[in-house]
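Trainee: Next comes the sequence, and after it the predicted model I'd like to discuss.
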Amino acid sequence: MFSTVQPAPSDPILGLTERFIADPRPDKVNLGVGVYQDENGSLPLLRCVDAAEQTLAGQHRPKGYLPIDGLPDYTREVKELVFGPGSPAVMDDRVVTAQALGGTGALRIGADFLHQLSPEATVLVSTPSWENHRALFTRAGFTVRGYRYYDPEAHGIDVDGMLADLAAAPAGTIVVLHACCHNPTGYDLTADQWDRVIDVVVAGGLVPFIDMAYQGFSQGLEEDAAVIRAFAARTDSFLCSSSFSKSFGLYGERVGALSIVCADADEAARVRSQVKVVIRTNYSSPSTHGALLVSTVLGDPQLRLAWTQELAGMRDRIKQMRGALVQGLAGAGVPDDMSFITDQVGMFSYSGLDARQMARLREEFGVYGTDAGRICVAALNPSNVDRVARSIAAVV
Ligand code: LMR
């Protein structure tokens, strides 16, 4: 039965973690996967999450099934976080929010739902994008193509190229956009540029699918969700995936959500019923613990405040590490101006290194980043940043 099965290539991001774990060198550094580490190089348990966990442990709750579309307290809080308090779309009951297994799960539920509606549609992803975008939408049955985004010469975004590619797409094309902290480049559109993108998307009848895996890691929770609110003001059909892996440090709990904005409450009810079928036929219903943690924190004013402060602490530490890396690279003798690293936002820096240089970093220095040249700045700390800088200097 399985004799013809071919080995699949290892995952470009999570496969690196497997290789990192197998690497015996004590001074190895994992800048491959997007996981935040604190100044000691440890994955932190947020204090607000720890407190919520204590509260839940004291409640001795039985472990029943959640509704197919998730914990109601959780999806209500997520809606407010994503669309803002008093959002007209939410008030009108036009937003369907379903709990999902992380941001990836949300993307996949959305992709399966869209494929059922529109199997011939093309999906456009930015060039480059998070590696799993292309794989996931392809796996869901779509033809996936790229739109221009990163301009390596300018260390920035090819906005005109992006607008031209979106304007050329036929109506009904699904466009995957990054709400903030573009993965992998770290370059986000300005508010004015977003307005131009929204104009083209709305005029062309495209279907935006906005991935928001890093809300709070660029400017702040409200600022980073501005594009969602801008889309909600201009169109009544788009999708948004959100993730709390990074912002709550709940990677392994797989806590995310898919939100779908609809034209009216009746349409939303029909969409919800179809989304529930997608979920039920995949994994039946989501798991409880992570969603309870997030809704406990968001529903308690003190814990919520503590969370926003801890999130701000992560955001600020990453910014400091960007500065330290630029300094370290100059100190290690890299002649080029590397200050673009401090212009980028979020967890990643797109270093400009090619696959060969990334392989040397890995093999000779035990510094792991993706072959595309992405490094996770959120895993740098005062003890490893100079070594990383010297390793990069040795391969450029
Ligand atoms: C990443 O880009 O490294 C993260 O989003 C983790 C993942 O699932 O790829």
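Mentor: Yep, that arrived.
Trainee: The residue in the stretch 251-396 of the chain positioned nearest to the ligand pairs with what?
Mentor: Nearest residue of the stretch 251-396 of the chain to the ligand, counting by C-beta to the nearest ligand atom: Cys376, 6.9 Å away. Placement of C-beta: from N, CA and C, glycine included. Beta-bridge partners for Cys376, by DSSP bridges, are Phe348.
Trainee: you'd agree it is up against Phe348?
Mentor: Yes. Using C-beta atoms under 8 Å, Cys376 is in contact with Phe348, at 5.9 Å.
Trainee: chain center to the one helix or strand Gln302 maps to: distance?
Mentor: Assigned by DSSP states H and E, Gln302 falls within helix 301-331. Computed by C-alpha atoms, centre = their mean, to the nearest Å, the chain-centroid distance of helix 301-331 equals 17 Å.
Trainee: Can you point out the buried residues in that helix?
Mentor: 303-304, 306-307, 310-311, 314-315, 317-318, 321-322, 324-326, 328-330 (16 or more other C-beta atoms under 10 Å).
Trainee: which strands and helices sit next to it?
Mentor: helix 47-59, helix 289-298, helix 340-343, helix 385-395 (3 or more C-beta pairs under 8 Å, 6 or more residues apart in numbering; DSSP states H and E).
Trainee: Output stretch 50-63 as PDB - backbone C-alpha positions only.
Mentor: Provided in PDB are the C-alpha atoms of stretch 50-63 (Å, rounded to 0.1, in the frame of the first residue of the first chain):
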ATOM      1  CA  ASP A  50       0.400  31.900  34.800                       C
ATOM      2  CA  ALA A  51      -2.100  33.800  36.900                       C
ATOM      3  CA  ALA A  52      -5.000  32.700  34.600                       C
ATOM      4  CA  GLU A  53      -3.700  29.100  34.800                       C
ATOM      5  CA  GLN A  54      -3.800  29.200  38.700                       C
ATOM      6  CA  THR A  55      -7.400  30.600  38.600                       C
ATOM      7  CA  LEU A  56      -8.500  27.800  36.200                       C
ATOM      8  CA  ALA A  57      -6.700  25.100  38.200                       C
ATOM      9  CA  GLY A  58      -8.800  26.200  41.300                       C
ATOM     10  CA  GLN A  59     -12.000  25.800  39.400                       C
ATOM     11  CA  HIS A  60     -11.700  22.000  38.800                       C
ATOM     12  CA  ARG A  61     -13.700  22.300  35.700                       C
ATOM     13  CA  PRO A  62     -15.000  19.200  33.900                       C
ATOM     14  CA  LYS A  63     -13.700  18.600  30.400                       C
END
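Trainee: Give the buried residues for that stretch.
Mentor: For stretch 50-63, by 16+ other C-beta under 10 Å, it's 51-53.
Trainee: Could you restrict these to the ones contacting the ligand?
Mentor: By C-beta under 6 Å from any ligand atom, no member of those lies near the ligand.
Trainee: Put together TSV for those residues, with pLDDT and distance to Val385 on each row.
Mentor: Output for these, formatted as TSV (pLDDT from 0 to 100; distance: C-beta to C-beta, whole Å):
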residue	pLDDT	distance to Val385
Ala51	98	31
Ala52	98	32
Glu53	98	31
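Trainee: now these as CSV including distance to Arg108?
Mentor: Compiled in CSV, those are given as follows (distance: C-beta to C-beta, whole Å):
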residue, distance to Arg108
Ala51, 32
Ala52, 27
Glu53, 28
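Trainee: Tell me which stretches of the stretch 51-200 of the chain form strands.
Mentor: 95-101, 122-127, 143-148, 150-151, 156-157, 174-178 (DSSP state E, counting those that start in this stretch).
Trainee: could I get those as JSON lines with mean neighbour count?
Mentor: Below are these laid out as JSON lines (neighbours: other C-beta atoms under 10 Å):
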{"stretch": "strand 95-101", "mean neighbour count": "26"}
{"stretch": "strand 122-127", "mean neighbour count": "22"}
{"stretch": "strand 143-148", "mean neighbour count": "16"}
{"stretch": "strand 150-151", "mean neighbour count": "18"}
{"stretch": "strand 156-157", "mean neighbour count": "18"}
{"stretch": "strand 174-178", "mean neighbour count": "25"}
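Trainee: Export those to a markdown table and append columns for mean pLDDT and distance to the ligand.
Mentor: Shown next, in a markdown table, are the strands of the stretch 51-200 of the chain (pLDDT from 0 to 100; distance: least, C-beta to the nearest ligand atom, whole Å):
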| stretch | mean pLDDT | distance to the ligand |
| --- | --- | --- |
| strand 95-101 | 98 | 12 |
| strand 122-127 | 98 | 14 |
| strand 143-148 | 98 | 17 |
| strand 150-151 | 96 | 15 |
| strand 156-157 | 96 | 19 |
| strand 174-178 | 98 | 11 |
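Trainee: and of the ones you listed, who's closest to Val275?
Mentor: The closest of those to Val275 is strand 95-101. By C-beta to C-beta, the value is 5.3 Å.
Trainee: Tell me which residues of stretch 275-295 come out buried.
Mentor: So stretch 275-295, judged by 16+ other C-beta under 10 Å, has buried residues 275-276, 278-279, 285-288, 290-295.
Trainee: Would you double-check that His242 falls in a strand?
Mentor: Careful, residue 242 is Ser; it's not His. Yes. With DSSP: H, G, I helix; E, B strand; the rest coil as the criterion, Ser242 is part of a strand.
Trainee: wait, doesn't it sit right on Phe83?
Mentor: No. Using C-beta under 8 Å as the test, Ser242 is too far from Phe83 to be in contact (10.5 Å).
Trainee: what about those two, which has more around it?
Mentor: Ser242 (28 against 22; other C-beta atoms under 10 Å).
Trainee: Show the model's pLDDT score for that one.
Mentor: Model confidence at Ser242, given as pLDDT, is 98.
Trainee: which residues does it contact?
Mentor: 78, 81-82, 103, 106, 212-213, 215, 256-257, 259 (C-beta atoms under 8 Å, 6 or more residues apart in numbering).
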